[in-house]
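Participant: After the sequence you'll find the predicted model.
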Amino acid sequence: MKSSTKSQPRSSESQPRSSRSRARQSPPPDPARVKAILQELARLYPETGTALNYADPLQLTVATILSAQCTDQRVNLVTPALFARFPTAADFATAPVDEIEELIKSTGFFRNKAKNIKQCCDMIVKEYGGKVPRTLEELIRLPGVGRKTANVILGDAFGLPGITVDTHVGRLARRLGLTVHTDPVKVEQDLMTAIPRSEWTSFSHRLIFHGRQVCTARKPRCEQCTLAPRCPRVGVNNKVLATTPPKPKKTRVLHPSRKRSRRKNPRTDSL
C-alpha cells in the first residue's frame, strides 16, 4: 500500500515572500564611511549643478528631455535656437511637431522627443497654468518626464532636494556598497536613507562627475581614485585594477651556433 504522506514543497517555495525579499535588501552602509565619501566628493567637486544651460524651470525641463541618449554639450548647442523660437510652454504646445523635430534633430530620437515636449508643454498649460509643477508626483505625470528628470528639475530649478539616479549614479552606488539594487527606484530609496537630505542634489551631481571622469563603466581608474580606501569595489573585475604595466614579452634570441643558415637552398640553386 502506497504511503499517503504529502510531498514536501520546494525550499524556495516554502520560504515566505517577506523572507525572500529581505535577502535582496541593501545592508545599511557604515555612517562614518558615508560621511568620508561625501567629504571627499565635496573636495573633488566643489562646484555642483547640471551641465545643461537653462534660464527657467521650463527650459530645464525641455533640455532634460532632450538629454536622453545625448550629451549635455550637444543639447546646449541645440537649445539656444529652440528656446528663442518657443519661449513659453504655450508656444511649444501650439507649435507644429515637425518644426520642433527639425530644431532638435541632432540630439537623436528626435521624433519621440518632439512629441513628448509638445505633449508635456500642453499639459503644463492646461493643468498647471503654464508653470512647471514643483512636486515629484506632479512632474512624473508629464510626458517624457520620469523620476530622474523630475529630480533634476526639483533640485536644480527649485532647490528642492532630490536624488537623480542615472547610469553613473546607479553604477557608483553599487560599487561603493551603498545599494545592491539595479532598479533605479530602489537605488534612489537606498541613497535617500544613506545620504543626508540636504546633500541629495549635490551628491547626485558629484557622483555623476566622478562616474564620467574616474569611475568609468568599463575601465574604472581605481589606482587614481581617492575614494578607493573607502570603496569595496563591488562588481569590479580585478583585472582592471592592476597598477603595474604588463611585462613586455620576451624576445627569443638564438645562440649564434643555433642560428639558421641563410645560404640558398642547394636543391633550388640550379633551378
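Facilitator: Received it, and whenever you're ready, just let me know what you need. Small disclaimer: the values here were computed from a predicted structure and weren't measured.
Participant: got any ranges where the stretch 51-200 of the chain has weak pLDDT?
Facilitator: Across the stretch 51-200 of the chain, nothing is flagged by pLDDT under 70.
Participant: all helices of it, in order?
Facilitator: 57-66, 72-85, 89-94, 97-104, 110-128, 136-139, 147-152, 167-175, 184-194, 200-213 (DSSP state H, counting those that start in this stretch).
Participant: tell me how far the ends of stretch 191-211 are from each other?
Facilitator: Distance across stretch 191-211, first residue to last, is 16 Å (C-alpha to C-alpha, to the nearest Å).
Participant: same question, stretch 41-57
Facilitator: Start-to-end, stretch 41-57 (C-alpha to C-alpha) is 27 Å.
Participant: The residue nearest to residue 224 when sequence neighbours are not counted and residue 199, how far apart?
Facilitator: Leaving out its chain neighbours, the residue that sits closest to residue 224 by C-beta to C-beta, 6 or more residues apart in numbering is residue 214, at 6.4 Å. From N, CA and C alone the C-beta is placed, and that goes for glycine too. When distance is defined by C-beta to C-beta, to the nearest Å, residue 214 is 20 Å away from residue 199.
Participant: what's the neighbour count on the residue nearest to residue 224?
Facilitator: 17 (other C-beta atoms under 10 Å).
Participant: Tell me who's in contact with it.
Facilitator: 220-221, 224-225 (C-beta atoms under 8 Å, 6 or more residues apart in numbering).
Participant: Can you list phi and psi of it for me?
Facilitator: Dihedral pair for residue 214: phi -130, psi -60, per degrees, to the nearest 10.
Participant: Contacts only, for the residue most central in space within the chain.
Facilitator: Residue closest to the average C-alpha location in the chain (C-alpha atoms, centre = their mean): residue 167, at 1.7 Å. Counting by C-beta under 8 Å, 6+ apart, residue 167 makes contact with 211, 217.
Participant: same thing with residue 155?
Facilitator: Applying C-beta under 8 Å, 6+ apart, we find residue 155 in contact with 161-162, 164, 200-201, 204.
Participant: can you tell me how far residue 160 sits from residue 198?
Facilitator: Counting by C-beta to C-beta, the separation of residue 160 from residue 198 is 11 Å.
Participant: who's more crowded, these two?
Facilitator: residue 160 (15 against 9).
Participant: Tell me the backbone dihedrals of the more buried one, please.
Facilitator: Residue 160 adopts backbone torsions of phi -100, psi 130, taken as degrees, to the nearest 10.
Participant: Run a quick check on it versus residue 139, I expect a contact.
Facilitator: No: in this structure, residue 160 is not within contact of residue 139 by C-beta atoms under 8 Å, at 10.5 Å.
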